[in-house]
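Visitor: Structure for the following, please:
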Amino acid sequence: MAHNKPSGEFPFIPRIINPVKVGKTVIFAAETRIRESSQILDENMPWLKTEIVYNPQSASQYKSDQATAFLFDDTALPLVDSEKIRANNPDAVIVLLSANSFIHCSPPQPAQKKYPYTAQADLVFAYNTTELVPALIITSVVRAAEDFINVRKSSKVRRFIFLVVDDEPRWLSQFLPTLYNIIGQRADVMITRTYEETLRFLFDVEEESQINSREYRSHGHGDDVVCLIADIFFPKGNQSNSDAGRDLVRLIARYYPRIPIIIASKAKEADDFKGKAFLLPKGDPGSLQKLKDYIHDFSGMGDFSICDKAGRELHRIKNIHGLYQVLSAAEKNNKKGRELREIIESYGQKDRFSTWLYMHSYRELGDILRPRRSQGRQLISLLKKHLKEEILRLNATPLTIDGVKVFSLQDLLHMLRTIPSDKIQPYSDNDIISSWLDKKGYSELAEELRPIHGSGERLSETLASIIEKWQKFYAQRGHSP
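Guide: Predicted coordinates:
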């Protein structure tokens, strides 16, 4: 490929959120619409192999060496042997798609007491004949199953988790498609439905008094959570409708103040959290764009927004070049420089820089900065030093697909139109192309590519046409990362 190759190269190490991919989906359901939703999986998750079975024995005796999502409805789940399924499939997730209105709005314990078969499921979702038809939620259901497998597996790789705490399967089915559309392949979603389950996930303890105030970061998954989305009312102890959300917000504020909080509730009590959290009224479609903006601005996925104590935005940074310029302004010995240094210091204490860098594929730089607790000009100098080193490496960090090295948008466009499409698909499915573009500073282009899945020449041409459009836009804007 014609390109002036830089002297010396640095490998691009993609950030793979889910090392374990669900390779198979097994559907055993009396509900025709659940079986027919396999067509949606074929279109939107082409790497999946979906099998429909028609009797309990076939489902119970199914064996696979791949991660597998087993999808059952209310009729099918009571008939299968869930223990045998798990014994035969070490990476299995059992999912219940329920049409039962009681299960739709019930916490785990009441649902299990009235309908014992619900206890067999790892995940429970709701479907109906109106807004929650299986075809609209099926891809989110399988994605949640894949996230469940990967989060539960021990991993030395730093994770990025949206923790969703809500006891009603109905709302989870409504909300997850929206959330996955916002976050793409950049983070996992973990669902907990009780206060105790949430404590175990965050701190690996059974009750609050067991949290070790010095070593809590090394226990549980709290250090991997990048956003908390929680109802106010969910089970705690023997109370099925306690205001456990208050206790959860208090714990997050004490141990993980960096984690942005979204309170998903229509209850009047939600007003008590103004100034502490983003308020998301359940079922309000008008708030979804604000939700997207909040997630992008505060979980590290979008631009890096620097605000003063009153919440006024001072700077909106799209890439590390812009971040370097802001840091240079903070070095100045004037009132604005001192105020900016104070804000940057508070951001450093909350891991805002490392989280943003992780999300934009600067994993090594995030690892370097994260343990540091420097202050003032020392923090500014440290950040600038490592950012400058990273900027110098950018043009010498190629994306390599099928032996072809890509250094620029023109290289990427040429590659997409010349190499076999089956070589491209895994890089699109796993967000690798978008991650490389993000690192290069093309954040808007990366964002547009993230929801795209498919296969064959249609995928290659779709990707190429979008890149060509943005290439012209960047040229007009004089954008050169």
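
Visitor: Contact partners for the residue positioned nearest the centre of the chain?
Guide: The centre of the chain sits closest to A187, judged by CA atoms, centre = their mean, with a distance of 2.1 Å. Counting by CB atoms under 8 Å, 6 or more residues apart in numbering, A187 touches 17, 160-162, 226-227, 299, 301, 359. Quick note: C-beta positions are derived from backbone N, CA and C, even for glycine.

Visitor: can you tell me which of those residues are in strands?
Guide: 161-162, 226-227 (DSSP state E).

Visitor: Export those residues to TSV and append columns for neighbour count.
Guide: TSV is the format used below for these (neighbours: other CB atoms under 10 Å):
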residue	neighbour count
I161	22
F162	24
V226	25
C227	24
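
Visitor: ok, those residues vs I34, which is closest?
Guide: For the ones in strands among the contacts of A187, the minimum distance to I34 (CB to CB) is 25.8 Å, reached by F162.

Visitor: Dig out what the closest one forms beta bridges with.
Guide: V189, C227 (DSSP bridges).

Visitor: quick one: contacts for it?
Guide: Per CB under 8 Å, 6+ apart, neighbours of F162: 179, 183, 187-190, 225-229, 299.

Visitor: What's the end-to-end length of stretch 71-82?
Guide: 12 Å (CA to CA, to the nearest Å).

Visitor: Okay, A267 and K335: tell me how far apart.
Guide: 43 Å (CB to CB, to the nearest Å).

Visitor: What mean pLDDT does the helix ranked longest in the chain get?
Guide: Identified as the longest helix of the chain according to DSSP state H is helix 456-477. Helix 456-477 shows a mean pLDDT of 91.

Visitor: Run the chain-centre distance for stretch 253-272.
Guide: Per CA atoms, centre = their mean, to the nearest Å, the displacement of stretch 253-272 from the mean C-alpha position of its chain is 19 Å.

Visitor: go on, stretch 300-314?
Guide: Using CA atoms, centre = their mean, the offset of stretch 300-314 from its chain centre is 21 Å.

Visitor: what about it, how long is it end to end?
Guide: 17 Å.

Visitor: Now it: buried residues?
Guide: 300-306 (16 or more other CB atoms under 10 Å).

Visitor: between those, which is nearest G456?
Guide: M301 (29.3 Å).

Visitor: which ones are touching that closest one?
Guide: 182-183, 186-187, 295, 359.

Visitor: before we move on, what about L279?
Guide: Counting by CB under 8 Å, 6+ apart, L279 has contacts 262-263, 265, 270-271, 273.

Visitor: Would you map the helices across the stretch 251-400 of the chain?
Guide: For the stretch 251-400 of the chain, the helices defined by DSSP state H, counting those that start in this stretch cover 288-298, 320-330, 335-349, 352-359, 363-369, 376-394.

Visitor: from those, which stretch is densest packed?
Guide: helix 352-359 (a mean of 23; mean count of other CB atoms under 10 Å).

Visitor: same for that one, what does it pack against?
Guide: Secondary-structure packing of helix 352-359 (3 or more CB pairs under 8 Å, 6 or more residues apart in numbering; DSSP states H and E): helix 363-369.

Visitor: what does the helix it packs on rub up against?
Guide: Contacts with helix 363-369, where a contact means CB under 8 Å, 6+ apart, come from 13, 15, 158, 348, 353-355, 357-358, 382-383, 386-387, 390.

Visitor: Of the contacts of M301, which is the nearest to G220?
Guide: A187 (17.3 Å).

Visitor: Can you give me the pLDDT of that closest one?
Guide: A187 is given a pLDDT of 92.

Visitor: Outline the domain layout of the protein.
Guide: Annotated domains of the chain cover 8-133, 158-301, 304-393, 399-477 [automatic domain parsing].

Visitor: gap between the two ends of the first one?
Guide: Translated: domain 8-133. Using CA to CA, the end-to-end distance of domain 8-133 comes to 53 Å.

Visitor: returning to what we had before: so can I have CSV of the contacts of M301 showing distance to E131?
Guide: Converted to CSV, the contacts of M301 look like this (distance: CB to CB, whole Å):
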residue, distance to E131
I182, 19
I183, 22
R186, 27
A187, 25
I295, 22
M359, 31
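
Visitor: if we can go back for a sec, next, the buried residues of the longest helix of the chain.
Guide: Those would be 459-460, 462-464, 467, 470-471, 474, for helix 456-477 by 16+ other CB under 10 Å.

Visitor: Which one of those residues is nearest to E131?
Guide: Nearest member of those to E131, counting by CB to CB, is T462, at 28.6 Å.

Visitor: Not counting its neighbours along the chain, what's nearest that closest one?
Guide: I452 (6.1 Å; CB to CB, 6 or more residues apart in numbering).

Visitor: roughly how far out does stretch 423-437 sit from the chain middle?
Guide: Worked out by CA atoms, centre = their mean, stretch 423-437 lies 16 Å from the chain centre.

Visitor: Can you list the low-confidence ranges for the stretch 51-200 of the chain?
Guide: Of all residues in the stretch 51-200 of the chain, those with pLDDT under 70 make up the ranges 154-157.

Visitor: which residues in it form strands?
Guide: Under the criterion DSSP state E, counting those that start in this stretch, the stretch 51-200 of the chain carries strands at the ranges 67-73, 92-98, 123-126, 161-165, 188-192.

Visitor: ok, residues contacting the first one?
Guide: Residues from elsewhere that reach strand 67-73 (CB under 8 Å, 6+ apart): 20-31, 34, 59, 62, 80, 85, 89, 91-99, 121, 141-142, 145-146, 149.

Visitor: Now do it against strand 92-98: the angle between them, please.
Guide: Counting by axes from the mean of the first three to the mean of the last three CA atoms, to 10 degrees, strand 67-73 lies at 20 degrees to strand 92-98.

Visitor: Partner strands of strand 67-73 and their direction?
Guide: By DSSP bridges, strand 67-73 pairs with strand 22-28 (parallel), strand 92-98 (parallel).

Visitor: in the following helix or strand past the first one, what's buried?
Guide: Counting by DSSP states H and E, the next helix or strand C-terminal to strand 22-28 is helix 32-36. Applying a neighbour-count criterion of 16+ other CB under 10 Å, one finds 33-35 buried in helix 32-36.

Visitor: Show me what helix 32-36 is packed up against.
Guide: helix 134-152.

Visitor: Report all helices and strands that the helix it packs on contacts.
Guide: Using 3+ CB pairs under 8 Å, 6+ apart, helix 134-152 is in contact with strand 22-28, helix 32-36, helix 38-44, strand 67-73, strand 92-98, strand 123-126, helix 169-183, strand 188-192.

Visitor: any low-confidence regions in the stretch 301-450 of the chain?
Guide: 370-376.

Visitor: Which single one of the buried residues of helix 32-36 is nearest to G286?
Guide: R33 (29.1 Å).

Visitor: Now do the same contact list for that closest one.
Guide: R33 touches 127, 133-135, counting by CB under 8 Å, 6+ apart.
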